[in-house]
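Participant: test case, fold it:
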Amino acid sequence: MQFHHHGYVTADPRVQPAAGVGVDRPMELPDEVDVLIVGSGPAGVIAAAQLAQFPGITTRLVERRPGRLEMGQADGIQARSTETFQAFGFAERITAEAYRITEMAFWKPDPDDPHRIARAARPPDDAHGMSEFPHLIVNQARVLDYFLEAAHHGPARIQPDYGYEFVELQVSDEGDHPVAVRLRHTTGPLEGQDRTVHARYVVGCDGAHSDVRRAIGCTPVGDKANHAWGVMDILAVTDFPDVRTKCAIQSHDGGSILLIPREGGYLVRWYVDLGVVPVDDGGKTRATPLDEVIARANAIIHPYTLDVRAVPWHSVYEVGHRVTDRFDDVPVELAGTRTPRVFIAGDACHTHSAKAGQGMNVSMQDGWNIAWKLGHVLTGRAPESLLATYSAERQVVAQRLIDFDREWARLMAARPEDLPDPTYLEDFYVQTSEFMFGFLTEYGPSTIVAGTEHQSLATGFPVGKRFKSPAVERVADGNPVHLGHHHRADGRWRVYAFADAPTAGQPSALADWARWLETDPASPLLAHTSEDGDPDAVLDVKVIYQQDHLAMNNVADVPPVFLPRKGPFGLVDYEKVYATDPRDDVFEARGIDRGGVVVVVRPDQYVAAVLPLAATEELAAFFAGALLPARAPAASL
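Facilitator: The predicted structure follows:
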């Protein structure tokens, strides 16, 4: 965390100074907004938190509830999401209160007595070391709280407008705010009355039964799996030995259970298999009494017993797998002919089972994806064509999620004897962990994702996938840090220059590249940065040397572009210069060519390009396609 560069800070440094629309922000919902977010679920709150970093944009978040969510249904936080929390500044705090999953136990019928269950395997949760961040369990309501805090602490000071229900919208071809949205008051003295808000863009994050989705004519495609599960958060006493370990329990003839310990040390969530739903069920299975769910759980875990003392929440649901045909208001046959104005995200786009812990996690990446793009377009950093990449990128991710979840849900409901071999379920869990952790997303080539012609120069940073943070040393103070942890959700692109062999102050390809970046009018740093703002306001450029920090005699020897002067006092930013950690050489760990490499990372932490240091024209051309020439003053960004 960096602060003081605008003057001495004595209060909480997480609270950024209000700016732009955040200064004297009106409490009442205005008649015109730049972005209207409908729904304060995971996708909506992360979009608000990201757009709070753009104080020149009027963003409002409307929610039909009268206040904050008190108990959410989602609770699984995959490692990719914890990485995302780091970008928004609250990973450490939420980790401290969450339950951390370190392994998963698999229970199956005892070979000596199939009417009893026995532990069959206990693999580590992250057997491949995919992330330094943990897999967590925490109430969805707390996740929303943290994102809303980040939104309120951002320069735009975004807070939810509670008590507004979406009714309908219309998109016109005229005016600066072409989307007319009719809202209805759900609380207070105006309850039942309607009002209209005009927006430049609308983001519908209003859940599986999304009215925004209906309004733009999107169609969910898929079906139900005709299998029901009872789910309950319980406080109970049991002799089941792994009650504080995530478990997949398969019985011989009584069905299956997915057991997930919750935060706080006592609460546990039980997903209990209720079996196949008959075609003529007529909703009977959904009305299964809680006592029957508990009885079924006791039958499955025999010879162990479950004595339920309190049930804070429970439900019965049928597994469904659906993904919407598009994620914006442009019909498929008109794609590319006009700018999308309305977007949908989260459960409005994709619905699936809860047992793989994907819903909230994928939804957050939806919201982050569209939010930074809206921020760039509305501040003049990027062309409107950028917005079409949202549906193109996230629909592919959603379809992969549906395909994966359909198979995972099928295996969880299967009897052990119906699987190809005795270890099939746990093998599938380990083999697909990269997907479940959120790390298999890979965006294809576009204006914001380059090709893979130079991928061999940095094999550990696959183009289109998330930037896996490496360990490095900060030269100015010798502190060991994770390079990616400095990638905050501030809307900036990251440009990491991995130096060739010579150290700072010596002639090198890195020195030539840095000189070009700082002095050539064609360089993206000069082409896309406003003259009246900080030099790293759009592109955050960092260098990583092959030497350790002790071999770097003087940080002032590095090229000036890596020591930018910032703020009203022109203070030097020393947190752009890094060295190799000799205990974990980043060049070895990430397969980086020692001749020097440039790695470009998008504002949402996905690798956009890998290039040799000499490929300055390619780097300039990439950013010319992704960004517009600078024209907006920095104060509005």
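Participant: where does Gln50 fall, helix, sheet strand or coil?
Facilitator: Classification of Gln50 by DSSP: H, G, I helix; E, B strand; the rest coil places it in helix.
Participant: hang on, I meant Arg100
Facilitator: Taking three-state DSSP as the rule, one finds Arg100 in the strand state.
Participant: kindly provide the distance from it to Pro134.
Facilitator: 5 Å (CB to CB, to the nearest Å). Using the backbone N, CA and C atoms, a C-beta is placed for each residue, glycine as well.
Participant: which of the two has more residues huddled nearby?
Facilitator: The neighbour comparison of Arg100 against Pro134 (other CB atoms under 10 Å) goes to Pro134, with 18 against 15.
Participant: state the distance from that one to Thr82.
Facilitator: Pro134 is 6 Å from Thr82, by CB to CB.
Participant: and what of Cys205?
Facilitator: Cys205 sits 21 Å away from Thr82 when distances are taken as CB to CB.
Participant: more neighbours, these two?
Facilitator: Taking neighbours as other CB under 10 Å, Cys205 and Thr82 compare with Cys205 leading, 31 against 24.
Participant: mind listing what that one touches?
Facilitator: 37-44, 47, 344-346, 348, 363, 367 (CB atoms under 8 Å, 6 or more residues apart in numbering).
Participant: buried members of those into ChimeraX, please.
Facilitator: In ChimeraX, a selection of the buried entries from these looks like this (16 or more other CB atoms under 10 Å):
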select :37,38,39,40,41,42,43,44,47,344,345,346,348,363,367
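Participant: which residue ranges of the stretch 151-300 of the chain form helices?
Facilitator: Secondary structure of the stretch 151-300 of the chain (DSSP state H, counting those that start in this stretch): helices located at 211-215, 290-300.
Participant: for the shortest one, output the C-alpha coordinates as CSV.
Facilitator: Output of helix 211-215 as CSV, limited to C-alpha atoms (Å, rounded to 0.1, in the frame of the first residue of the first chain):
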residue,chain,number,x,y,z
ASP,A,211,-35.4,-9.1,-15.3
VAL,A,212,-32.6,-7.2,-17.1
ARG,A,213,-31.9,-10.4,-19.1
ARG,A,214,-35.5,-10.6,-20.0
ALA,A,215,-35.7,-7.0,-21.0
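Participant: which other helices and strands does that helix contact?
Facilitator: strand 164-171, strand 194-204, strand 342-344 (3 or more CB pairs under 8 Å, 6 or more residues apart in numbering; DSSP states H and E).
Participant: nearest to Ile158, of the ones you listed?
Facilitator: Ile158 sits nearest to strand 194-204 of all the helices and strands packed on helix 211-215, at 12.8 Å, using CB to CB.
Participant: just the CA atoms of the closest one, as PDB, please.
Facilitator: What follows is strand 194-204, C-alpha atoms only, in PDB (Å, rounded to 0.1, in the frame of the first residue of the first chain):
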ATOM      1  CA  ASP A 194     -42.100   4.200 -10.300                       C
ATOM      2  CA  ARG A 195     -39.300   6.500 -11.600                       C
ATOM      3  CA  THR A 196     -37.100   6.600 -14.700                       C
ATOM      4  CA  VAL A 197     -33.300   6.900 -14.700                       C
ATOM      5  CA  HIS A 198     -31.400   7.500 -18.000                       C
ATOM      6  CA  ALA A 199     -28.000   5.800 -18.300                       C
ATOM      7  CA  ARG A 200     -25.200   5.500 -20.800                       C
ATOM      8  CA  TYR A 201     -24.800   1.800 -19.800                       C
ATOM      9  CA  VAL A 202     -26.600  -0.700 -17.700                       C
ATOM     10  CA  VAL A 203     -25.100  -3.800 -16.000                       C
ATOM     11  CA  GLY A 204     -27.700  -6.300 -14.900                       C
END
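Participant: what angle separates it from strand 164-171?
Facilitator: 80 degrees (axes from the mean of the first three to the mean of the last three CA atoms, to 10 degrees).
Participant: joint contacts of Pro134 and Thr82?
Facilitator: Shared contacts of Pro134 and Thr82, defined by CB under 8 Å, 6+ apart, comprise Thr95.
Participant: sorry, back to before: just the helices of the stretch 151-300 of the chain: most buried one?
Facilitator: With neighbours taken as mean count of other CB atoms under 10 Å, the helices of the stretch 151-300 of the chain reach their highest mean count in helix 211-215, at a mean of 21.
Participant: how far does it sit from its chain's centre?
Facilitator: How far helix 211-215 lies from its chain's middle: 23 Å, per CA atoms, centre = their mean, to the nearest Å.
Participant: now do the shared contacts for Arg100 and Pro134.
Facilitator: Here Arg100 and Pro134 have no joint contacts, going by CB under 8 Å, 6+ apart.
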